[in-house]
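> Could you work out the structure for the sequence below:
(one chain, ligands or ions: 1)
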Amino acid sequence: MSKTFLAIGESMVEMAPTGDGAFAMGFAGDTLNTAWYARKCLPSSWNVGYYTAVGRDQVSAQMLDFLKRSEIETDQIRLLEERTVGLYMIQLKDGERSFAYWRSQSAARCLAADPEHLTAALDNAGLIYFSGITLAILPAEDRETFLESLRAARMAGAKVAFDPNLRPRLWESADAMRTCVTEAAGVCDLVMPSFEDELAHFGDQTPKVSADRYLAAGAQMVVVKNGPEEVICASGEGQSSFQPNPVHNIVDTTAAGDSFNAAFLAEFLTTGNLAASVDAGAKLAGTVIQHRGALVDCMAPA
Ligand code: ADP
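The predicted model follows:
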């Protein structure tokens, strides 16, 4: 298996309030978060890359710089003349955060518009990671191209992991989201949903129902996260559950699932040990939620 972990999706400019009326610029996005943590968790014998599309302007160059400084490879990223990266702003009112997005014309929406470019990017990957947000931002006609490329990569030996990350507001309809996410699960070795989302948008009554639904869709294995509750792992061989250690002093749950996925996958790719993988995922997520922000530098580089 090739030792390249390739995450695919949209990285955005983040403008976060600094408390004095000003905003600090950063970069974030669910799949970027997972790539960033995967780089910290995987040994140096693994490459971690990110695939997306960005512009040729200064802010896009700054994003690429950020990725490179984070030791995430950017060689495959599409560069588009006419577009730039998406942006979101975090606003605070009475301690509550709200988000405003400018992403409808973002370059990342074109990440599957050139099938040859996409296929070439996937060519060398050992593990391909994407999310429901990756699918949501694509024009409907590109989603099929994207899934077809994943099927081909898998036939060529890559493993595919997917977090459904259900965000109905990004989709043309909730039905389109459910249909596409279900089809995507069918091309995956590993589906990693969060039960809260599955309950809200598929109406699953228990994590086991979510696991069974994704197995029936064709996933080889399903790992259902559920906040502080048990993590359920299910495959054709049966089901097991693991209780994460309790976490006190929770400050910010941003990127809990993204960081869990990274540490889980890093352990699973290197040892294949399921219990150790859940433990690694829960340990990292448990640390991340005790800090503010998505990208928490809470471990020594690999
Ligand atoms: P998401 O951020 O995608 O909604 P979850 O909330 O299900 O994901 O959390 C992902 C993982 O983070 C959980 O499986 C668990 O390991 C850890 N986690 C999240 N919230 C808590 C919590 N309150 N206590 C302990 N662990 C937590």
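> what's the distance between the residue of the chain positioned farthest from its centre and the ligand?
Most distant residue from the mean C-alpha position of the chain: D20, 31.6 Å away (Cα atoms, centre = their mean). Distance, D20 to the ligand, using Cβ to the nearest ligand atom, to the nearest Å: 29 Å. Just so you know, the C-beta spots here come from the backbone N, C-alpha and C atoms, and that holds for glycine as well.
> so that residue, which of the three states?
coil (DSSP: H, G, I helix; E, B strand; the rest coil).
> got a list of what it touches?
By Cβ atoms under 8 Å, 6 or more residues apart in numbering, the contact set of D20 is empty.
> All the strands of the chain, residue numbers only.
4-8, 12-17, 23-28, 47-51, 53-55, 78-80, 87-93, 96-102, 127-131, 159-163, 190-191, 221-224, 231-235, 238-242 (DSSP state E).
> pLDDT score assigned to whichever residue of the chain sits closest to the ligand?
Nearest to the ligand, among the residues of the chain, is G257, at 2.1 Å (Cβ to the nearest ligand atom). For G257, the pLDDT comes out at 97.
> A285 is in contact with that one, correct?
Yes - applying Cβ atoms under 8 Å, one finds G257 in contact with A285, separated by 7.3 Å.
> Between those two, which contacts overlap?
K225.
> where does the stretch 51-200 of the chain come near the ligand, residue by residue?
194, 196 (Cβ under 6 Å from any ligand atom).
> could you pull out the helices for the stretch 51-200 of the chain?
For the stretch 51-200 of the chain, the helices defined by DSSP state H, counting those that start in this stretch occupy 58-69, 115-122, 132-136, 140-155, 174-185, 195-202.
> who touches the longest one?
Okay, so that is helix 140-155. Residues from elsewhere that reach helix 140-155, judged by Cβ under 8 Å, 6+ apart: 111-113, 115, 118-119, 122-123, 125, 128, 130, 134-135, 138, 160, 172, 176, 180, 183-184, 187, 189.
> buried residues in that helix?
142-143, 145-147, 149-150, 152-154 (16 or more other Cβ atoms under 10 Å).
> quick one: that helix to helix 174-185, angle?
Using axes from the mean of the first three to the mean of the last three Cα atoms, to 10 degrees, one finds that helix 140-155 and helix 174-185 are set 20 degrees apart in direction.
> on that earlier part again, for the residue farthest from the centre of the chain, give its distance to A28.
Distance, D20 to A28, by Cβ to Cβ, to the nearest Å: 21 Å.
> Same check on F5?
Applying Cβ to Cβ to F5 and A28 gives a distance of 18 Å.
> With neighbour numbers in mind, choose between those two.
Between F5 and A28, counted using other Cβ atoms under 10 Å, F5 has the larger neighbour count: 29 against 21.
> so the more buried one makes contact with N124?
No - using Cβ under 8 Å as the test, F5 is too far from N124 to be in contact (11.1 Å).
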